[in-house]
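Peer 1: Dropping a prediction and its sequence here:
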Amino acid sequence: MFINIANDNNMDQSLLTKVVLDQKKTFAEKERGITRDVDHNKYLKTKQITVVSGIRRSGKSTLLKQFSENYERFYYLNFDDERLVDFGIEDFQSLMVVFKKLYPAKTIFLDEIQNIPKWERFVRRVYEEGYKVFVTGSNASLLGSELATHLTGRYFRMELYPFSFKEYLLFKGTGYENISTEIEVEILKNFSRYLKEGGFPEFLVYKKREFVERIYEDVIYRDLLVRFKIKETKSFKQLAGYLFSNFTKEISYHSLKNFLGFKSVTSVRNYIDFMQDSYLIFELFKYDYSLKKQYTSNKKVYVVDNGMRNAVSFYASDDFGRLLENLVFIELKRKRRGENVFYFREGKECDFILRKGMKITEAIQVASRLDDPKTKKREIEGLLEALKKFNLKKGLIITENSKGKMKIKNKDIRIIPAWKWLLAK
């Protein structure tokens with residue numbers, strides 16, 4: 001007698017079929033948005049797996065939509081769907097059966113895949129079967145050690161952030177290639193808005209602060225408290241709020257532990273790591289030749305988007321300089337992937353130094369205004385100290401609207417308005 005023992009843990013194929021068809025229709029109707037400022041050809045003209053990570057609602061699905069326009073047929077599934085809450089590694093085979101029953105294709109788009117354990121094993125298998133695979137996720141550890149083990153040499157990685165200033169202008173319909181006086185005035189107006197509004201696409205469409213607040217809450221609750229099973233809920237939320245209020249400032253794990261009443265320094269460190277993993281904040285290390293000193297020195301904290309910061313924290317008029325510094329840091333993260341960013345301080349402070357390999361390549365100071373003699377002196381001295389320390393001939397000061405050049409102690413210093421620096425190629 002033959003006994004058919006079914007695996008009750010597997011998802012029903014009829015449910016999977018319904019989800020796939022529903023999402024296919026939704027994806028087809030999705031607005032393509034503005035073309036993101038990434039090298040599309042790099043990811044389209046290769047057989048390698050493309051892995052896109054970034055904070056929620058930064059436009060990852062829209063980027064997949066833009067990639068999909070290059071394929072006549074493709075498979076698509078977004079795992080951020082409550083009907084897929086029980087989806088596991090064993091269900092990928094059923095998913096492929098559903099896909100193949102509907103129509104033939106050799107390209108697969110898998111959206112928000114981070115919550116499916118061992119997904120990288122499935123992706124490797126279909127990659128080796130000849131499929132072109134695109135994957136997105138909302139946490140930086142999407143490319144953790146397990147993934148690196150299974151996909152080494154088989155993928156390209158991209159981190160996607162909310163709109164850059166170039167993308168913001170494109171969204172607003174403002175050109176920046178040939179800048180006349182009239183266009184420059186329009187760019188300056190847009191820069192003032194961008195500095196405070198940030199670049200989350202959903203907010204820019206609807207102009208409602210609630211959209212950005214909801215993204216923040218989703219990250220805090222769904223990506224952090226639930227995912228990491230955090231029990232110190234109140235203290236954790238207070239920590240996130242404190243970091244957003246005190247962005248660009250130095251922090252000490254010990255001070256945060258005492259101030260917010262955490263049980264241990266380890267908890268503070270872990271919670272900040274969790275927030276970084278979800279792209280909510282970023283820690284900036286103080287540069288030192290000693291790695292131990294780098295890890296034990298105070299850190300500076302930056303946030304993923306100025307608009308989010310202003311939506312969840314009180315905005316004061318004297319925050320302008322900090323918003324500008326945060327904007328520059330995020331742009332360095334966005335555009336200078338091959339370089340590590342640090343802050344530098346011995347006698348004076350330099351906001352950012354960049355290291356490529358083992359060599360310091362650039363020193364950047366950020367100052368909203370240079371019309372105050374004391375401020376100008378402080379910013380120049382901090383930059384000069386970094387240039388001397390690392391034997392650099394040139395330095396950069398990014399400002400709100402000041403520009404110019406100067407030569408001090410055989411060092412060439414260029415002063416440039418932030419909007420021009422953001423639009424430079």
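Peer 2: Received, thanks.
Peer 1: quick one: Val328 and Lys335, what's the gap?
Peer 2: When C-beta to C-beta, to the nearest Å is the yardstick, Val328 and Lys335 sit 11 Å from each other. From N, CA and C alone the C-beta is placed, and that goes for glycine too.
Peer 1: okay, the two: which has more neighbours?
Peer 2: Per other C-beta atoms under 10 Å, whichever of Val328 and Lys335 has more neighbours is Val328, with 22 against 14.
Peer 1: which ones are touching the closest residue to the more buried one other than its chain neighbours?
Peer 2: Take Val328 and drop its neighbours on the chain: the residue closest to it by C-beta to C-beta, 6 or more residues apart in numbering is Val366, 5.1 Å away. Contacts were defined as C-beta atoms under 8 Å, 6 or more residues apart in numbering; by that measure Val366 touches Gly321, Leu324, Glu325, Val328, Asp351, Phe352, Ile397, Ile398, Thr399.
Peer 1: Looking at the helix or strand containing Ser14 now, give me its mean pLDDT.
Peer 2: Of the helices and strands defined by DSSP states H and E, Ser14 is found in helix 13-29. Over the span of helix 13-29, the pLDDT mean works out to 97.
Peer 1: How far off centre is that helix?
Peer 2: Computed by C-alpha atoms, centre = their mean, to the nearest Å, the chain-centroid distance of helix 13-29 equals 29 Å.
Peer 1: What's the first helix or strand after that helix?
Peer 2: Beyond helix 13-29 on the C-terminal side, the first helix or strand identified by DSSP H and E is helix 40-44.
Peer 1: Show me what counts as buried in the following helix or strand past that following helix.
Peer 2: Sequence-wise, the next helix or strand beyond helix 40-44 is strand 49-53, with elements assigned using DSSP H and E. Applying a neighbour-count criterion of 16 or more other C-beta atoms under 10 Å, one finds Ile49, Thr50, Val51, Val52, Ser53 buried in strand 49-53.
Peer 1: Now do the last one against Leu160, distance only.
Peer 2: Right, the one you point to is Ser53. The spacing between Ser53 and Leu160, counted by C-beta to C-beta, is 7 Å.
Peer 1: Find residues that contact each of those two.
Peer 2: Between them, Ser53 and Leu160 share these contacting residues under C-beta under 8 Å, 6+ apart: Lys60.
Peer 1: which residue is nearest the middle of this protein?
Peer 2: Relative to the mean C-alpha position of the chain, the nearest C-alpha, by C-alpha atoms, centre = their mean, is the one of Tyr161, at 4.0 Å.
Peer 1: can I assume that residue is in contact with Arg56?
Peer 2: No - with contacts counted by C-beta atoms under 8 Å, Tyr161 stays clear of Arg56, the gap being 12.0 Å.
Peer 1: any residues touching the helix holding Ser14, and which ones?
Peer 2: Residues beyond helix 13-29 that count as contacts (C-beta under 8 Å, 6+ apart) turn out to be 61, 65, 68, 75-78, 81, 83-84, 91, 94-95, 97-99, 101-102.
Peer 1: next one: stretch 249-263
Peer 2: Applying C-beta under 8 Å, 6+ apart, the contact partners of stretch 249-263 are 232, 235, 238-239, 242-243, 264-265, 267-269, 272, 298-301.
Peer 1: Only the buried residues of that stretch, if you could.
Peer 2: Glu250, Ile251, Tyr253, Leu256, Lys257, Leu260, Phe262.
Peer 1: Repeat that for stretch 204-212.
Peer 2: Leu204, Phe211, Val212.
Peer 1: possible to save those as TSV with pLDDT, distance to Asp22 and secondary structure?
Peer 2: Converted to TSV, these look like this (pLDDT from 0 to 100; distance: C-beta to C-beta, whole Å; DSSP: H, G, I helix; E, B strand; the rest coil):
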residue	pLDDT	distance to Asp22	secondary structure
Leu204	95	27	helix
Phe211	94	24	helix
Val212	96	28	helix
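Peer 1: Just the closest of those residues to Asp412, please.
Peer 2: Leu204 (37.7 Å; C-beta to C-beta).
Peer 1: From Leu63, how far out is the closest one?
Peer 2: When C-beta to C-beta is applied, the distance between Leu204 and Leu63 equals 16 Å.
Peer 1: What residue spans form the domains of the chain?
Peer 2: With automatic domain parsing as the criterion, the domains of the chain are listed as 13-159, 163-283+306-314.
Peer 1: Which one, of those domains, ends up nearest to Lys393?
Peer 2: Shortest separation from Lys393 across the domains of the chain is recorded for domain 163-283+306-314, at 27.7 Å, computed as C-beta to C-beta.
Peer 1: Figure out the length between the terminal residues of the closest one.
Peer 2: End-to-end distance for domain 163-283+306-314, by C-alpha to C-alpha, to the nearest Å: 23 Å.
Peer 1: same deal with stretch 42-59?
Peer 2: Counting by C-alpha to C-alpha, the terminal residues of stretch 42-59 are separated by 18 Å.
Peer 1: in that stretch, what counts as buried?
Peer 2: Going by neighbour count (16+ other C-beta under 10 Å), the buried part of stretch 42-59 is 43, 48-59.
Peer 1: wait, which of those is closest to Asp218?
Peer 2: Using C-beta to C-beta, Arg56 is the member of these that sits closest to Asp218, with 5.7 Å.
Peer 1: surely that closest one meets Asp223?
Peer 2: Yes - counting by C-beta under 8 Å, Asp223 is a contact partner of Arg56 at 7.2 Å.
Peer 1: Give me the common contacts of the two.
Peer 2: Ser138, Ser278.
Peer 1: Leaving aside the residues adjacent along the chain, what's closest to Pro417?
Peer 2: Asn401 (5.0 Å).
Peer 1: helices and strands around the strand or helix carrying Leu77, which ones?
Peer 2: Element membership of Leu77 [criterion: DSSP H and E] is strand 75-78. Helices and strands touching strand 75-78, as assessed by 3 or more C-beta pairs under 8 Å, 6 or more residues apart in numbering; DSSP states H and E, comprise helix 13-29, helix 60-68, strand 107-111.
Peer 1: Pretty sure Asp351 sits in a helix.
Peer 2: No - if the criterion is DSSP: H, G, I helix; E, B strand; the rest coil, then Asp351 is strand and not within a helix.
Peer 1: gap between the closest residue to it other than its chain neighbours and Asp111?
Peer 2: If you skip the residues right next to it in sequence, Asp351 has Val366 as its closest partner in space, 4.9 Å away by C-beta to C-beta, 6+ apart. Going from Val366 to Asp111 by C-beta to C-beta gives 36 Å.
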